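1. sequence first, predicted coordinates after that:
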Amino acid sequence: MPLYKPTRREILSLAAAMPALAMPAAARAELGPPEGGNPGHFRFSVGDTRVTVVSDGYFRLPVSGLGVNADPAEVKAFLKRHFLSTEEGYSHTNHLVVDTADARVLVDVGSGNRFFDTAGRLLFNLEAAGIDPYSITHVVITHAHPDHIWGIRDDFNEAIIPDADYIIGAAEHAYWTQDDLVHRVPQEEQQFVVGAVNSIGVEGVEWILAEDGHEVAPGVRLMATPGHTPGHMSVLVESGDDALIALGDSMTHAYTNFAHPEWFNGFDADGAQTVETRRRLLDMAAADRIAILGYHFPFPGVGHVQRRGDRYRFVPALWQFGGG
C-alpha cells in the first residue's frame, strides 16, 4: 500500500467540529491557558521504579462521540454538571516512560505531525524532561489509532527511535494488516486503516507480537484489554507492593467512564466488549488499590479508582514535591 499522509480535514469529518473559539470561555467553565505554556512532564515512583508521564499535546473532539448508547441529552447534562463543555472535549495525551534497572520503556509514540497541530509534542517534551529518546530500549504500542502510533516514523518513513524493541499485541497487528481491510471498512474509517498500515510498516522495525501477560521488562507486562480496538493492550507496572496500569484507551474519560461504565463511545470498535473490559479494570484497580494512568485524562492523568456501589469515581493522585 503506498504511503499516504492523511490531513486533519480528512479524518472522520473532524472538520465539522466547532472551533474552541466559537464558544465563550465562560460557557466552557475552563481555566484560561497560561502564558508560555506549562511543563509537559510529571515524575513519580511506583515502588522502587521511576516513572515519568510525558505529554504529546492535546486535541479537541465533538462530545457527540461520548456515550453513543445513551440519551444524548443525558450525556450533555452530565457534562454540564461536571463543568465540562457540552460541545467539545479536551483530550490530553499522557505517555508513560518506565525506568527499570535494565530498561527504559515508552508506551505509545503519539501522532507526530500527522494528526492535530496541537499534538506531536512527544519528542520535544521527552527532551525537556531530560529523557534522551535514543536511550529508550522498548516501545509498547497499546493500539494502532492515530494519536498512539502515527508518530512512529519520520518524514523518511524511518523509525523515530531506531534501536528500540517494538511491541504490539498480536491480535492488534493481525487486525490492521489483514488483506484489503481498507476496502472493507466504512469510508470514514479508511484513513485510520491507511495510517495504521503505514505506521506498522515503518522501516527498521521488527515487531514483537505479544499475547496477554507478555513481559516487556522485569516488572512491566502487558494486559489484554480489547474492545476499543480488537487487540488493545494495557501496561501493568509492578514494584514491591505497588502497581500502576497504563490504560491506553481502554478508558478515555475521567468522568463518564467511572460514573457510567455502561456507556461506550463512537470510537470503540466493540461497545459491549469495551464495557466488559472497563468493568474488569475498574473492579481490579478498586479492589487491589492499583493506581491507573489514563492516556486522555486531565494531565498527568494518574490516580485511583474508588468504588461506589455499581459506580466508580476517579480520584486524582496527590501531587508530591521532591526532597522528602
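-> The structure has been received and is ready for your questions.

2. all helices of the stretch 1-150 of the chain, in order?
-> 25-28, 72-81, 122-128, 146-149 (DSSP state H, counting those that start in this stretch).

3. so which of those helices is the most packed in?
-> helix 146-149 (a mean of 26; mean count of other C-beta atoms under 10 Å). For glycine as for every other residue, the C-beta is placed from the backbone atoms N, C-alpha and C.

4. just the buried positions in stretch 98-113, please.
-> 98-100, 103-112 (16 or more other C-beta atoms under 10 Å).

5. want to throw these into CSV with pLDDT and distance to Trp263?
-> CSV is the format used below for the buried residues of stretch 98-113 (pLDDT from 0 to 100; distance: C-beta to C-beta, whole Å):
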residue, pLDDT, distance to Trp263
Val98, 98, 31
Asp99, 97, 36
Thr100, 95, 36
Ala103, 97, 37
Arg104, 98, 36
Val105, 98, 31
Leu106, 98, 30
Val107, 98, 25
Asp108, 98, 24
Val109, 98, 29
Gly110, 97, 26
Ser111, 95, 25
Gly112, 93, 31
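
6. thinking again about what came up before, relative to Leu181, which of the helices of the stretch 1-150 of the chain is closest?
-> When those are compared by C-beta to C-beta, helix 146-149 sits nearest Leu181, at 15.3 Å.

7. compare the helices of the stretch 1-150 of the chain and give me the one nearest Gln273.
-> Distance to Gln273, taken as C-beta to C-beta, is lowest for helix 146-149 among those, at 18.5 Å.

8. distance between the closest one and the chain's centre?
-> Helix 146-149 sits 8 Å away from the centroid of its parent chain (C-alpha atoms, centre = their mean, to the nearest Å).

9. what's the average pLDDT for that helix?
-> Averaged across helix 146-149, pLDDT comes to 97.

10. which strands or helices does it pack on?
-> On a contact count with 3 or more C-beta pairs under 8 Å, 6 or more residues apart in numbering; DSSP states H and E, helix 146-149 meets helix 190-200.
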